[in-house]
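> requesting a structural model of the entry that follows:
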Amino acid sequence: MPILNRAAELQDEVAGWRRELHTMPELLYDVHQTSAFVKNKLEEFGVDEVVPGIGRTGVVGIIRGRKGDGATVGLRADMDALPLTEITGKPWASKTPGKMHACGHDGHTAMLLGAAKYLSETRNFPGAVAVIFQPAEEGGAGGKAMVNDGMMERFGISEVYGMHNMPGLPVGEFATRPGALMAGTCEFTIRIEGRGGHAAMPHNSIDPIVIGSALVQAFQSIVSRSTDPVQSLVITVTKFHAGDAYNIIPQTAELAGTVRILDMDVGRMAERRMGEMCAGVAATYGAKIDMEFQWNYPVTFNHPEETAFATGVAGEISGADKVNTDTPPVMGGEDFSYMLEARPGAFVFIGNGDTAGLHNPAYDFNDEVIPHGVSYWVKLAETALAR
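Got it, this is the predicted structure:
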């Protein structure tokens, strides 16, 4: 089955919604304009039940089919933007300085709205479709907030699916894999207290910059020497703050960064080894080192049966040769993982074509993707509920 004719007809309208959303980016849970836009559209489409305020500022719409009782399948899109200054120069560029849709959540929201409009018009399925519009994917765990709000139980959702655009993957193509698709994420902060002093007399000081540098180097040996080579681990120090003068050895330094894993046992090992290294380096240099380690998003783990089903649907839309069913895992995080912990389902990537990368100030969602995404959502929902 190729792209739905109706999805192709809706492309310009959905692109118009997408571009309007792009002009008004909002961060984390502060997506009040976006949520109101979504709510108004769903009500305009005649969606049977529109419920705002799920997970603080999320919106859920319930579309009931004409063919009697049945299960409820959930389709999820994220709504929040990023704290970046846009440089695209597009007519629909962000109107809010320092904020932009640099990850395509405007496109995700618009495509799911397009699917909601189509499904509300046709209702060619039993049961119901829950269209889920989530806040705070970019570090705020909005997926967890919606699950913790009882979304799955309240709306009787039995399986759930997500989709994200992928720059570099051609438009009309899909990619996913069963099992671990995206990384679990952790954050760490390390505070080093040495002894400050004159830069010309380092023997009278305990230099926290030297100590921090030793830790940055040592952490990489956890990746190369404590981790099975066939497993995945990223430890990246992204902050190193110390001192503010040319001739003073500072008293303190602070490091921070991220750990990414595809297996929770690897993450626990990394936390333990980092703590051991902090203790050992502190003893070696005579300093005090404290480490805080925070577990964030879990691994995005695709359920095998639902992944096979989703890739089958994608193949009907684009052709089986345009669906990569064994794409390499991505070490970025995704809080759709919380929904996949709560219900079986799958997360897929859809091609955004030759565009700037995600989280790049030159990025823009490719509107040519829209009919492919809308068709996928519609066919996924109708097929899932007909099983």
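> what helix or strand is the residue nearest to A256 when sequence neighbours are not counted on?
Counting by CB to CB, 6 or more residues apart in numbering, A256 lies nearest to K239, which is 4.1 Å off, once chain neighbours are set aside. Every residue, glycine included, has its C-beta placed from N, CA and C. Using DSSP states H and E, the element containing K239 is strand 233-241.
> what comes up buried for that strand?
L233, I235, V237, F240 (16 or more other CB atoms under 10 Å).
> by contact count, what packs against the helix ranked longest in the chain?
Assignment by DSSP state H gives helix 264-285 as the longest helix of the chain. Under the contact definition 3 or more CB pairs under 8 Å, 6 or more residues apart in numbering; DSSP states H and E, helix 264-285 sits against strand 179-193, helix 208-225, strand 233-241, strand 252-261, strand 288-295.
> looking at those, which is closest to T355?
Among the helices and strands packed on helix 264-285, the nearest to T355 by CB to CB is strand 179-193 (19.7 Å).
> tell me how far the next helix-or-strand element following that closest one is from the chain's mean position?
Per DSSP H and E, the first helix or strand lying C-terminal to strand 179-193 is strand 197-198. Put simply, strand 197-198 sits 45 Å off its chain's centre (CA atoms, centre = their mean, to the nearest Å).
> elements contacting strand 197-198?
strand 248-249.
> check contacts around M100.
H22, P25, A81, L82, L84, T85, E86, A93, S94, P361 (CB atoms under 8 Å, 6 or more residues apart in numbering).
> can you tell me the closest non-neighbouring residue to it?
E86 (3.9 Å).
> I'd say that neighbour and T96 touch.
No - using CB atoms under 8 Å, E86 is not in contact with T96; the gap is 9.2 Å.
> so for the two, which sits in the more crowded spot?
E86 (24 against 14; other CB atoms under 10 Å).
> and A218, how many neighbours?
Counted with other CB under 10 Å, A218 comes out at 16.
> ok, now how distant is it from D48?
58 Å (CB to CB, to the nearest Å).
> related to what we said a few turns ago, wait, the residue nearest to A256 touches A253, no?
No - using CB under 8 Å, K239 is not in contact with A253, being 10.3 Å away.
> can you list the buried residues in stretch 212-222?
In stretch 212-222, counting by 16+ other CB under 10 Å, buried: G212, A214, L215, A218, F219, I222.
> actually, stretch 13-33.
14-15, 17-19, 21-31.
> what does stretch 320-335 give?
For stretch 320-335, by 16+ other CB under 10 Å, it's K322, V323, N324, T325, T327, V330, M331, G333, E334, D335.
> before we move on, what about stretch 192-200?
Buried-residue list, stretch 192-200, by 16+ other CB under 10 Å: I192, E193, G194, G196, G197.
> what's the answer for stretch 146-162, then?
M146, V147, D149, M151, M152, F155, I157, S158, E159, V160, Y161, G162.
> inside strands: which ones of those?
I157, S158, E159, V160, Y161, G162 (DSSP state E).
> so which of these comes closest to L262?
Taking these together and measuring to L262 by CB to CB, the closest member is G162, at 17.7 Å.
> touching, the closest one and R343? I think so.
No - using CB under 8 Å, G162 is not in contact with R343; the gap is 11.3 Å.
> how much space separates N366 from R260?
27 Å.
> comparing those two, which shows the higher neighbour count?
Remark: of N366 and R260, R260 carries more neighbours, 23 against 18, as counted by other CB under 10 Å.
> let me see the contact set for the more buried one.
A183, G184, T185, C186, S232, L233, V234, T236, M331, G332, G333 are the contacts of R260 under CB under 8 Å, 6+ apart.
> the second one: what's it in contact with?
Residues in contact with G184, defined by CB under 8 Å, 6+ apart, are R260, I261, L262, M264, G267, W295, N296, Y297, P298, V299, G333, S337.
> this completes my enquiry, with thanks.
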